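> Provided below are the primary sequence and the corresponding predicted coordinates.
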Amino acid sequence: MDHNPDRICVWPGYFNTRTSRRSGRRVPKDSSVIKPDLEGLFLAARKLGLKKIKREEGVSHPARPHMKEGRMWVSRGGSKQSVGANSKEELLQLIGAQWRQMQRDQKEASAQRIAQGPQTGDRRARSQRKSRSEDSSSKKRSSFKKRSSFKKR
């Protein structure tokens with residue numbers, strides 16, 4: 001792409017919790033996420049309030065040519081106007097904090113859904129619940145088969 005001073009390039013690798021600052025993480029640990037991807041980055045930027053965003057999929061960072069992680073272009077003027085970020089580092093920290101909060105909310109919602117159990121009328125979940133009780137009956141059947149094998153001559 002041509003150089004445009006109004007655009008900021010944001011890579012998902014900047015937000016990876018498992019990489020060190022030396023290896024390419026650009027945000028602090030409390031703003032980083034597990035398994036960053038372009039779609040999550042885009043959703044976090046949208047939820048933060050950024051409007052002028054362009055995604056490029058299948059592009060690799062020069063320091064990580066084996067990973068086709070993609071990148072996102074953000075308008076510098078748009079980020080300053082909508083979010084109030086004066087620098088790229090400030091913008092990255094805001095996006096990272098929003099993304100981390102989204103991951104936490106998603107994890108809590110899934111844990112709550114699991115703790116709540118299957119809903120009334122959810123046949124698939126109910127059948128999974130029934131299969132647990134069938135496991136004990138299948139053990140009885142297998143012991144019966146073992147006894148019947150002794151009777152054969």
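Yep, it's here. Residues are numbered from 1 along each chain as shown.
> The protein: helices as residue ranges?
Per DSSP state H, the chain carries helices over the ranges 38-48, 76-82, 88-116, 123-151.
> any idea which of these scores lowest on pLDDT?
Among the helices of the chain, helix 123-151 has the lowest mean pLDDT, at a mean of 58.
> Neighbours of the closest residue to Gln103 other than its chain neighbours, how many?
Closest residue to Gln103 apart from its sequence neighbours, by C-beta to C-beta, 6 or more residues apart in numbering: Val33 at 5.5 Å. In short, each C-beta sits where N, CA and C put it, glycine included. Residues lying near Val33 (other C-beta atoms under 10 Å) number 21.
> same check, this time on Arg100
Arg100: 20 surrounding residues under other C-beta under 10 Å.
> Next: Ser110.
Number of residues near Ser110 (other C-beta under 10 Å) recorded here: 10.
> Distance-wise, check it relative to Thr19.
Distance, Ser110 to Thr19, using C-beta to C-beta, to the nearest Å: 25 Å.
> is the residue nearest to Gln103 in a bridge, and if so with what?
For Val33, the beta-bridge partners are Asn16 (DSSP bridges).
> for the closest residue to Met102 other than its chain neighbours, what are its contacts?
Spatial nearest neighbour of Met102, chain neighbours left out: Ala44 (5.9 Å); criterion: C-beta to C-beta, 6+ apart. By C-beta atoms under 8 Å, 6 or more residues apart in numbering, Ala44 lies in contact with 95-96, 98-99, 102.
> now do 10 Å
Shown in contact with Ala44 (C-beta atoms under 10 Å, 6 or more residues apart in numbering): 15, 33, 36, 50, 94-103.
> any chance of the residues you listed in CSV, plus distance to Gly84?
Below are the contacts of Ala44 laid out as CSV (distance: C-beta to C-beta, whole Å):
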residue, distance to Gly84
Phe15, 20
Val33, 22
Pro36, 24
Leu50, 11
Leu94, 9
Ile95, 13
Gly96, 16
Ala97, 14
Gln98, 14
Trp99, 18
Arg100, 19
Gln101, 18
Met102, 20
Gln103, 23
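> Separate out the buried members of those residues.
Buried subset of the contacts of Ala44 (neighbour count, 16 or more other C-beta atoms under 10 Å): 15, 33, 36, 50, 94-100, 102-103.
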